[in-house]
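Undergrad: what follows is a predicted protein model with its sequence.
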Amino acid sequence: IPHPRKRKKKTCKGGNSFHDSSPPSPFPSRYVFTVLAGHLMLLSLPFFSTSTVWTLTNGAHAVVSFIFLHWIKGAAFVTFDADEHALLTQWEQLDHGEQFSTSRKFLIVFPIGLFLLSMLYVGHGNLVFYLNLAFLALSVVPKLPMFHKVRLFDINKY
């Protein structure tokens with residue numbers, strides 16, 4: 001009988017263990033740092049209120065991430081399979097199309113956290129709430145699995 005604390009590591013098909021010992025990706029920390037730096041630059045402008053800056057940060061993040069992840073198509077770098085990815089957005093290429101990978105989960109949860117922070121400073125009873133909600137929808141809805149490789153109204157099809 002094996003000792004209960006000494007469990008055998010689970011392995012996948014290739015024999016590699018699920019618990020990879022590689023260092024964590026620097027992507028999430030760089031992403032957060034970039035958004036935070038943009039937020040602090042907007043906050044340093046004396047003519048914007050704190051609630052306006054949070055709404056601008058949320059909106060800028062939503063628009064920029066939509067353009068770079070869901071609008072621009074093709075491979076980011078020249079590779080041997082660039083033709084294969086010519087009609088795919090960066091989101092569709094991310095993690096080879098695997099749904100709910102760690103990177104995709106982060107990119108779905110981050111706009112939700114940004115929206116909640118915006119609501120903390122803006123409040124829930126005014127028009128700015130609906131503006132922030134629209135930015136949240138622009139950030140999260142295209143990332144849902146039911147919209148994978150879907151072009152609404154054939155916009156951005158080719």
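TA: Perfect, I can see it now.
Undergrad: report the distance from the lowest-mean-pLDDT helix or strand in the chain to the chain centre.
TA: The helix or strand of the chain with the poorest confidence is helix 90-93; it has a mean of 77 (mean pLDDT, DSSP states H and E). Averaged C-alpha coordinates place helix 90-93 at 11 Å from its chain's average position (C-alpha atoms, centre = their mean, to the nearest Å).
Undergrad: equivalent analysis for stretch 99-110, please.
TA: 6 Å.
Undergrad: contacting residues around it?
TA: 25, 27-28, 31-32, 35, 65, 69, 91, 94-95, 98, 140, 143, 145, 148 (C-beta atoms under 8 Å, 6 or more residues apart in numbering). To be clear about C-beta, it is placed using only N, CA and C from the backbone, and glycine gets the same treatment.
Undergrad: and His124, which of the three is it?
TA: coil (DSSP: H, G, I helix; E, B strand; the rest coil).
Undergrad: any buried residues in the helix or strand that contains Leu116, and which?
TA: Following DSSP states H and E, one finds Leu116 within helix 102-122. Neighbour-count burial for helix 102-122, counted by 16 or more other C-beta atoms under 10 Å, picks out 104, 107, 110-111, 114-115, 118-119, 122.
Undergrad: now a ChimeraX select for only the buried ones of the contacts of stretch 99-110.
TA: To isolate the buried ones among the contacts of stretch 99-110 in ChimeraX, judged by 16+ other C-beta under 10 Å, type:
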select :31,35,65,69,91,94,140,143
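Undergrad: nearest to Ser51 among the contacts of stretch 99-110?
TA: Val35 (17.2 Å; C-beta to C-beta).
Undergrad: could you look up the SS state of that closest one?
TA: helix.
Undergrad: the closest residue to it other than its chain neighbours: which element?
TA: What sits nearest to Val35 in space, not counting adjacent residues and going by C-beta to C-beta, 6 or more residues apart in numbering, is His61, at 5.8 Å. Here His61, judged by DSSP H and E, is contained in helix 50-65.
Undergrad: run through who's touching that helix.
TA: For helix 50-65, using C-beta under 8 Å, 6+ apart, the contacting residues are 35, 38-39, 42-43, 45, 48, 107, 111, 114-115, 117-118, 120-123, 128, 131-132, 135-136, 138-139.
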